[in-house]
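Engineer: coordinates only, no sequence provided:
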């Protein structure tokens, strides 16, 4: 397609197809937002299925909230006129049930996730087993809630009061059993006799899975997502809309970007020169992504995180976000690609840099350090860095695994109750009473 805007987008649709039109709109949305609005209006006037496909494909790729909302409204107008598209994603017919499903969270900033299973200890009725797994697959802590009901299990599923990274999503029961048994196996291999016994206790509550899963659930439940991600890999790796993925905000590597912060400040203060151009902060972020995620263990951990994220997004009908997450996982599994090629990883690093610069500036202000008049340290860098909505250190975010009583900065008003007894009224997710001792397994028996 010509780089110039066409005189008629409906004519361009007929000539180039809906995929090319959607790509062209996505490329123009930041530099020519008015042109994108006119294009969407033109496509609505065309009123065809191809026009609806172009608008839907653009909506899935858009990183500009106002334009994405306009695209959604336009699809509603077309639907009212009888122009409807079949949505892609999982079927909605199957109901979530503790007899057929487990509940899992995504990984949080510490590399922990929760699996919740309905179990039936001998003579004690139904109970809920909560198992926290680290990103090596081993058990971090467990909790047994006796006297549970099916209603309580269903209430936990996609509970609206939970934040996106806390939300418990349904997966096939066999997969949940596999995750817990794998965690027990890996914990049972530790030298501690206490850990081995606790792992055996956990395994005794959960029926063994009928089979092992060699790859994350995405491979089995949504192979089409992986296929499309491979076909569009380079395009999807450029996706940088971190603000659209609150599920990964706790992944911001706060406190781990000291070398990158030093580089940014050195450039700002004129002590170091990088290649000219507006993308010099991106150069620093690429270097930081390579340092933080380039080693094999980190690649493997974050690839699994992205694949599990892709499955959750696919279930939520967020197709383009799911494709971008799957592409990030595929890139990390390819030793020939640098983590710096993954837009989402770059943005996590840039968000961490912005947060560290802000903290450094605040600290200098408290200490009375005078910078250059009219130009606080790091100002120019922060103009280029896109920190995302919550560029905080994961240690300062309230997650299912936060210390009881610790709320995120600025969230004190909505974190009124966080009892140290192991629960949080704010999050609704039980906490381990000894979460800091991540090497121990805790299985309360009878409360």
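Structural biologist: Arrived safely, thanks for sending. As the structure is a computational prediction, the values presented were derived from the model and not from experiment.
Engineer: from residue 13, how far out is residue 304?
Structural biologist: Using CB to CB, to the nearest Å, residue 304 is found at 39 Å from residue 13. The C-beta positions use only the backbone N, C-alpha and C, and glycine is treated the same way.
Engineer: pLDDT below threshold where in the protein?
Structural biologist: In the predicted model of the chain, residues 1-7, 85-94, 161, 273-278, 368-447 satisfy pLDDT under 70.
Engineer: now do the contacts for the nearest residue to residue 301 once chain neighbours are set aside.
Structural biologist: The shortest distance from residue 301 to any non-neighbouring residue, by CB to CB, 6 or more residues apart in numbering, is to residue 135 (4.5 Å). When contacts are counted by CB atoms under 8 Å, 6 or more residues apart in numbering, residue 135 touches 107, 111, 112, 113, 301, 304, 305.
Engineer: quick one: residue 104 and residue 130 touch, right?
Structural biologist: No: with contact defined as CB atoms under 8 Å, residue 104 does not reach residue 130; the gap is 11.0 Å.
Engineer: in the stretch 51-200 of the chain, which spans are strands?
Structural biologist: 101-104, 112-119, 127-134, 139-146, 169-172 (DSSP state E, counting those that start in this stretch).
Engineer: of all those, which one is nearest residue 197?
Structural biologist: strand 139-146 (12.3 Å; CB to CB).
Engineer: mind putting the contacts of residue 135 into TSV with neighbour count and distance to residue 349?
Structural biologist: Rendered in TSV, the data for the contacts of residue 135 read as follows (neighbours: other CB atoms under 10 Å; distance: CB to CB, whole Å):
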residue	neighbour count	distance to residue 349
107	25	17
111	17	17
112	19	21
113	24	22
301	19	16
304	21	19
305	24	15
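Engineer: most widely separated two among those residues?
Structural biologist: 112 and 304, at 13.0 Å, using CB to CB across these.
Engineer: re earlier: can you put the strands of the stretch 51-200 of the chain in JSON lines and add distance to residue 268?
Structural biologist: Converted to JSON lines, those look like this (distance: least, CB to CB, whole Å):
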{"stretch": "strand 101-104", "distance to residue 268": "43"}
{"stretch": "strand 112-119", "distance to residue 268": "36"}
{"stretch": "strand 127-134", "distance to residue 268": "37"}
{"stretch": "strand 139-146", "distance to residue 268": "40"}
{"stretch": "strand 169-172", "distance to residue 268": "42"}
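Engineer: can you get me a residue count around residue 338?
Structural biologist: Applying other CB atoms under 10 Å, we find 17 other residues in the vicinity of residue 338.
Engineer: now the closest residue in space to it that isn't next to it in sequence: which helix or strand?
Structural biologist: Take residue 338 and drop its neighbours on the chain: the residue closest to it by CB to CB, 6+ apart is residue 290, 5.4 Å away. If you go by DSSP states H and E, residue 290 is part of helix 280-293.
Engineer: again, but for residue 44
Structural biologist: Per DSSP H and E: helix 33-46 holds residue 44.
Engineer: what's the answer for residue 253, then?
Structural biologist: Here residue 253, judged by DSSP H and E, is contained in no helix and no strand.
Engineer: quick one, what contacts it?
Structural biologist: 292, 348, 349, 352, 394.
Engineer: tell me the spacing between the second one and residue 328.
Structural biologist: Note on residue 348: its distance to residue 328, by CB to CB, is 10 Å.
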